[in-house]
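Q: Need the 3D shape of this:
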Amino acid sequence: MKTATVGLLLNMLAFPAASAMAEAVSTPAATEATAPSTAATPAKTAVTKIPSVESLGLNVKSAVLIEPTTGEVLMSLNADQPMPPASMTKMMTEYLVTEAVNSGQLSWDEKVIVQENASKQTGSRIYLAAGDEHTVKELYIAMAVGSANDATVALAELVSGSEQQFVTLMNETAQKMGMKTAFFINSTGLDRADMPEKFRPQAEGETVMSAMDAAILAKNIVTDHPDFTEFTTIQSYKFRERDTKPMINYNWMLEANKDIANFKAYAYPGLDGLKTGHTSKAGNCFTGTAVRDGMRLISVVMGADSEAHRFTETKKVLDFGFNNFEIKQVVAPKAVIAGTETVPVLKGKNKDVPVVTDAGVTFMVPKGTVSPQIKTTVVTNDPATLIAPIAGASKVGKVTYTYQIEGMSQVQEKTVNLITAEEAEKAGWFKLLMRAIGEFFGDLFTGIKNLF
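A: This is a model prediction of the structure:
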């Protein structure tokens, strides 16, 4: 017994904390702990009751309201029903042209030679002739401000070679964005019968898009191209020097219109986009977006019975959002998680290291909410991988926060990293030796005690 003990001590001198090292080797370093801890759920806080969608009295076929950073759907009326979107289709064309510019495929100053298809477009147009030359930027403004179908087709053909090849790109992008009902047959939103006969697609069907899909598309625009307002806020634009009148932006709700006699009744505080649409089949449609108190909302109305009503109904939808909801930081950065204040460290001067979150968390909440009911789930890295030295701010796990507004089906979720709040220094060999000896005899005495 005496010889065995001496031999064991000699082994420990040669390999400090051998048992800890063996544990680290036996467990894959890339795995995470399999038993996440979940923090207790706070009690619900009473808030003002949110009005029903029916109480808004919307005179449209479908509508939706979302907050783009959380993806929270705040209001929905037949929002998943595919319908003709008319010129709201051009939002996808705008998105893809901007992508082409940002990637270097195109430049805003690049000259575009107008082809036959563009020159034969009907409906809203800037009267381009085959062979005309204009810059990408000039055509883009004509599309965004005047909803010009000819300018839109000219840009589509520039990006993909033909409008129908561009349509393939539109449909592929819609799938990637998670648009569930969207189907495009052209770049403009015109009905098939209104397209130049020579350039109509062979595939059957018409362009359709649900209000939810339009909102998803708008969300991608404002998120991926935050400078979109450079174009959408242009109130008027003279396309050619010889033109007697400038194009007037179809979006009457622009905040800048508050001093324009014909539009000031519709001007909406903070509204800076996005796209109107109208055909006989679609009725009057509008995808709008506005910012107030640092919160951006995206609204879509489809099937209004007049130009004016697509804006009055949009006001109802946006007012519903701004009056009843707010973005609230529910967790501050560098937060300490109750129950996971530290994580264990192998071979460290200390046996554990304090941890905090690396970022704050914001959720969309009903106005007046003080302590929203947040569920917190913590997953720490495999303890065998946490071996000193560990630098400060090293990722050692993750924290997932979930929140659901009472009465709404959608769950908001955000995950942040759990990081070390300070450096975990490696212990010297002597400290590791003493610790190993202490742990050995502690385990030995515990084993002996359990025998009796």
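Q: all helices of the stretch 1-150 of the chain, in order?
A: For the stretch 1-150 of the chain, the helices defined by DSSP state H, counting those that start in this stretch cover 2-14, 18-26, 90-102, 116-119, 136-146, 149-160.
Q: Can you tell me the centre-most residue of the protein?
A: Computing the C-alpha centroid of the chain and ranking residues by Cα atoms, centre = their mean puts Thr69 first, at 4.9 Å.
Q: how much space between that residue and Thr98?
A: 20 Å (Cβ to Cβ, to the nearest Å). Using the backbone N, CA and C atoms, a C-beta is placed for each residue, glycine as well.
Q: In the stretch 351-452 of the chain, mark out all the strands, start to finish.
A: Per DSSP state E, counting those that start in this stretch, the stretch 351-452 of the chain carries strands over the ranges 352-357, 361-366, 375-380, 395-403, 412-420.
Q: Glu313 is nearest to which of these?
A: Ranking the strands of the stretch 351-452 of the chain by proximity to Glu313 (Cβ to Cβ) places strand 361-366 first, at 22.0 Å.
Q: now the closest one: mean pLDDT?
A: Averaged over strand 361-366, pLDDT sits at 92.
Q: Stretch 255-266 too?
A: 95.
Q: Deepest-packed of the strands of the stretch 351-452 of the chain, please.
A: strand 361-366 (a mean of 22; mean count of other Cβ atoms under 10 Å).
Q: State the number of residues packed around Met88.
A: 28 (other Cβ atoms under 10 Å).
Q: in what helix or strand does the residue nearest to it when sequence neighbours are not counted lie?
A: Among residues not flanking Met88 along the chain, Gly277 sits closest, at 4.1 Å (Cβ to Cβ, 6 or more residues apart in numbering). Assessed by DSSP states H and E, Gly277 sits inside strand 271-279.
Q: Please report how far Glu67 lies from Lys328.
A: 12 Å.
Q: what's the overlap in contacts for these two?
A: Counting by Cβ atoms under 8 Å, 6 or more residues apart in numbering, the residues touching both Glu67 and Lys328 are Met364.
Q: Pick out whichever of these two has more residues nearby.
A: Using other Cβ under 10 Å, the more surrounded residue of Glu67 and Lys328 is Glu67, with 21 against 17.
Q: quick one: the nearest residue to that one once chain neighbours are set aside and Val153, what's the gap?
A: For Glu67, ignoring the flanking residues on the chain, the nearest one in space by Cβ to Cβ, 6+ apart is Met364 at 4.9 Å. Per Cβ to Cβ, Met364 is found 38 Å from Val153.
Q: Could you check the pLDDT of Lys111?
A: Reading off the model, Lys111 has pLDDT 97.
Q: what is it paired to in the beta sheet?
A: Judged by DSSP bridges, the bridge partners of Lys111 are Thr135.
Q: quick one: contacts for Tyr140?
A: With Cβ under 8 Å, 6+ apart, Tyr140 has these contacts: 94, 97, 108, 151, 155, 231.
Q: Please disregard the earlier target; I meant Val396.
A: Contacts of Val396 by Cβ under 8 Å, 6+ apart are 343, 353, 355, 380-381, 386, 390, 418-420.
Q: okay if I get those as JSON lines plus pLDDT and distance to Val301?
A: Converted to JSON lines, the contacts of Val396 look like this (pLDDT from 0 to 100; distance: Cβ to Cβ, whole Å):
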{"residue": "Val343", "pLDDT": "92", "distance to Val301": "50"}
{"residue": "Val353", "pLDDT": "90", "distance to Val301": "53"}
{"residue": "Val355", "pLDDT": "94", "distance to Val301": "47"}
{"residue": "Thr380", "pLDDT": "94", "distance to Val301": "47"}
{"residue": "Asn381", "pLDDT": "93", "distance to Val301": "48"}
{"residue": "Leu386", "pLDDT": "86", "distance to Val301": "53"}
{"residue": "Ile390", "pLDDT": "89", "distance to Val301": "54"}
{"residue": "Leu418", "pLDDT": "95", "distance to Val301": "43"}
{"residue": "Ile419", "pLDDT": "93", "distance to Val301": "44"}
{"residue": "Thr420", "pLDDT": "93", "distance to Val301": "50"}
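Q: If you count contacts, what does the helix or strand hosting Ile221 end up packed against?
A: Using DSSP H and E, the element containing Ile221 is helix 211-224. In terms of contacts (3 or more Cβ pairs under 8 Å, 6 or more residues apart in numbering; DSSP states H and E), helix 211-224 is packed against strand 62-67, strand 72-77, helix 90-102, helix 163-177, strand 271-279, strand 283-292, strand 295-304.
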